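Asker: Take this sequence and fold it.
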Amino acid sequence: MSVPNFMSLVRKHYSIDVTRDQCYKAKNLANERIQGSIEEQYAKLWDYCEELKRQNPGSNVLVKTLLRGDDSIFLRLYICFAQLRKEFIEGCRTMVGFDGAFIKGQHPGQLLSAVGIDANNGMFPITFAVMETERLGQAIKALKPDVEHRHCVRHLHNNFKVARHGSLALKQRLWAAARSTTLPWWAAEMDNIMEISAPVMHGLKIGQQFIGAGLVRDVLNLHNRYEALKPSFKASEFCKATHETNLADYAKHKAELDQMVAGYKEAKATADKLEKQIEEVQKQLAEVQNKLGARLSSKTKTTFLVQNMVSASRLAYRLLDRDREIHAAPINGICVFQGFA
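Answerer: Just a heads-up that it's a prediction; the model follows:
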């Protein structure tokens, strides 16, 4: 709730006129009771950082403090989550944008952030930090002196407005120079800016580089790469045609193979049917063999018994002829059969 609305609310419900300072003090007291004081929140900063490390393994969380007597005074905070760092390296463009915002209140400072560009041309957060002042230009020059450094056009124009060089004509020419894609176009727009304001032209100089020059270099580099890769493009077209021919041959062979598979399935179904019929015939044949085996077994036993009886009879007659003197009475074959039975 804003302070004017708070003053109107007090006047409506209590019929009392209060000053803006009284509203500010009352609002701060209410926030302190609900959320706690800022000093109490800074005292929990170490616990907050340790919890971030525990919940996000591999993340970088750094806190810098100053010692005043026995008290630690907060100075800076840096947080970079491991998963954001990993996703930026694997899936984002090789471009990083830096920006800062002022932190107002009893403990002023600046909130700095680094963002990338994802596959959808959207902003991808990488890391953020809280510090006393912004020194991004000095930090980039110290850590990465050879990296290409570009500036945001909107921020450049805002700086010109602060320096009282923010006319509409200058803004249009500045954006035209930033959107230029050829060297002649860019040089013409820079001459227009020079005619409008020489101090602005001087402020745009960063060593040998100007606003829009980076984009022109990118276009020229792409053109040179295209010229160098023309033979590769022709070879790629040939490979594409060959690939399409191979795809057509593959489709033809696949159709033939599908037809063969269908014939195989049909033949397999017929073979399975014949196999079942053969199993039934084998069962019937086994039953017939069992019946014939029983009959043949009975006949074989009878034949064997008859042969034994004949052999016994012959042996008995021989014995009778031999022992005729001992036995006066003749012995018929029945007695012999009984003796050898």
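
Asker: use CA for all of it now, contacts and neighbours both
Answerer: Fine.

Asker: what about the stretch 201-341 of the chain, any weak spots by pLDDT?
Answerer: Residue ranges of the stretch 201-341 of the chain with pLDDT under 70: 201-238, 292-341.

Asker: Show me where the stretch 1-150 of the chain has its strands.
Answerer: Under the criterion DSSP state E, counting those that start in this stretch, the stretch 1-150 of the chain contains strands at 60-68, 71-80, 97-103, 109-117, 123-131.

Asker: In TSV: those, plus mean neighbour count, distance to Asn159 and mean pLDDT.
Answerer: Output for these, formatted as TSV (neighbours: other CA atoms under 10 Å; distance: least, CA to CA, whole Å; pLDDT from 0 to 100):
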stretch	mean neighbour count	distance to Asn159	mean pLDDT
strand 60-68	13	31	91
strand 71-80	16	27	91
strand 97-103	15	14	88
strand 109-117	19	18	92
strand 123-131	19	22	93
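
Asker: how about these in a markdown table, adding distance to Ser37?
Answerer: Below are the strands of the stretch 1-150 of the chain laid out as a markdown table (distance: least, CA to CA, whole Å):
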| stretch | distance to Ser37 |
| --- | --- |
| strand 60-68 | 19 |
| strand 71-80 | 15 |
| strand 97-103 | 17 |
| strand 109-117 | 18 |
| strand 123-131 | 19 |
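
Asker: close enough to count as contact, Leu111 and Arg135?
Answerer: No. Leu111 is not in contact with Arg135 according to CA atoms under 8 Å; the separation is 11.8 Å.

Asker: The residue lying closest to Leu62 once chain neighbours are set aside and Glu279, how far apart?
Answerer: Distance criterion CA to CA, 6 or more residues apart in numbering; nearest residue to Leu62, sequence neighbours excluded, is Tyr78 at 5.1 Å. Separation of Tyr78 from Glu279 (CA to CA, to the nearest Å): 82 Å.

Asker: what do you get for Asp21?
Answerer: According to CA to CA, Asp21 stands 106 Å off from Glu279.

Asker: same question, Val130
Answerer: Applying CA to CA to Val130 and Glu279 gives a distance of 87 Å.

Asker: got it, and Pro4?
Answerer: Distance, Pro4 to Glu279, by CA to CA: 100 Å.

Asker: next one: Ser180
Answerer: Look at Ser180 and Glu279: by CA to CA, they are 87 Å apart.

Asker: neighbour count winner among those two?
Answerer: For Ser180 versus Glu279, the count of surrounding residues by other CA atoms under 10 Å is larger for Ser180: 19 against 11.

Asker: Quick check, the more buried one in contact with Ala188.
Answerer: No. Look at Ser180 against Ala188 with CA under 8 Å: they stay out of range, at 9.7 Å.
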